[in-house]
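S.K.: One predicted model, sequence on top.
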Amino acid sequence: MSSPQHENYEAEPCFILASLGDTEDLERYEVGGFHPVHLGDVYDGRYRVVHKLSAGGFSTVWLTRDNREHSWVALKIIAAGTSKCILAKRELSRYTASQYTSDTVSLFLVKHRNFTLDGLNGRHLYLVIPILGPPMSRLSDGLLSRIRPWLSRRTSY
């Protein structure tokens, strides 16, 4: 009995196209890149991953349950190669915000806390931030033109 012939094997796709779903660039899961995360993973002994919220060029954001505070937070995991730069920018932002009155500082997104962990692809910065809603880029999905200034102001507010 002969083995089955696969004449069209080369014509079949061997990967999932990025346009088929909302996902980060899978090739970024390499040394210096993204940290692989699975639903149910627990980070820093307290943040249990429940769902992916978004992905971008230098990070992924996950909905997590803070088992210590019994609250929902977003966990932004920065790519290993970018983590040092983001940490430096965070320190600069903290200094800049400290120059304003306490009323003004409340207008900025303030992270709850941060920590670093070593993973398969390097050392990653983890930012624990409040859950604020969908990414701004999602709000324009389906629109055939640019968002009008009045809508942008209302949405940002």
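M.R.: Arrived safely, thanks for sending.

S.K.: Over to residue 27. Which of the three states is it?
M.R.: helix (DSSP: H, G, I helix; E, B strand; the rest coil).

S.K.: All the helices of the chain, residue numbers only.
M.R.: 80-98, 102-105, 136-139, 149-156 (DSSP state H).

S.K.: between these, which gets the lowest average pLDDT?
M.R.: Of all the helices of the chain, the minimum mean pLDDT falls on helix 102-105 (a mean of 58).

S.K.: What number of residues are in the vicinity of residue 61?
M.R.: 18 (other CB atoms under 10 Å). C-beta here means a position set from N, CA and C on the backbone, and glycine is covered the same way.

S.K.: Name whatever forms a beta bridge with it.
M.R.: residue 54, residue 76 (DSSP bridges).

S.K.: beta partners of the nearest residue to residue 39 once chain neighbours are set aside?
M.R.: For residue 39, ignoring the flanking residues on the chain, the nearest one in space by CB to CB, 6 or more residues apart in numbering is residue 49 at 5.6 Å. Residue 49 forms beta bridges with residue 64, as assigned by DSSP bridges.

S.K.: Next, work out how far apart residue 49 and residue 125 are.
M.R.: Distance from residue 49 to residue 125, counting by CB to CB, to the nearest Å: 17 Å.

S.K.: Repeat that for residue 65.
M.R.: 21 Å.

S.K.: So those two - more neighbours on which side?
M.R.: residue 125 (21 against 15).

S.K.: Is it correct that that one is in contact with residue 113?
M.R.: No. When contacts are counted by CB atoms under 8 Å, residue 125 is not listed as touching residue 113 (11.5 Å).

S.K.: What is the burial count for residue 117?
M.R.: Residue 117, neighbours per other CB under 10 Å, totals 12.

S.K.: just the one 5 residues further on next, same as before
M.R.: Other residues near residue 122 come to 16 when the count uses other CB under 10 Å.

S.K.: What of the one 10 residues further on?
M.R.: By the measure other CB under 10 Å, the count of residues near residue 132 is 8.

S.K.: before we move on, what about residue 56?
M.R.: Residue 56: 13 neighbours (other CB under 10 Å).

S.K.: what's near enough to touch it?
M.R.: For residue 56, the contacting residues are residue 24, by CB atoms under 8 Å, 6 or more residues apart in numbering.

S.K.: pLDDT score assigned to it?
M.R.: 82.

S.K.: Please name the residues that touch the spatially closest residue to residue 38 that is not a sequence neighbour.
M.R.: Distances taken as CB to CB, 6+ apart place residue 49 nearest to residue 38, at 7.1 Å, with adjacent residues excluded. Residue 49 makes contacts with 37-43, 62-64, 75, as judged by CB under 8 Å, 6+ apart.
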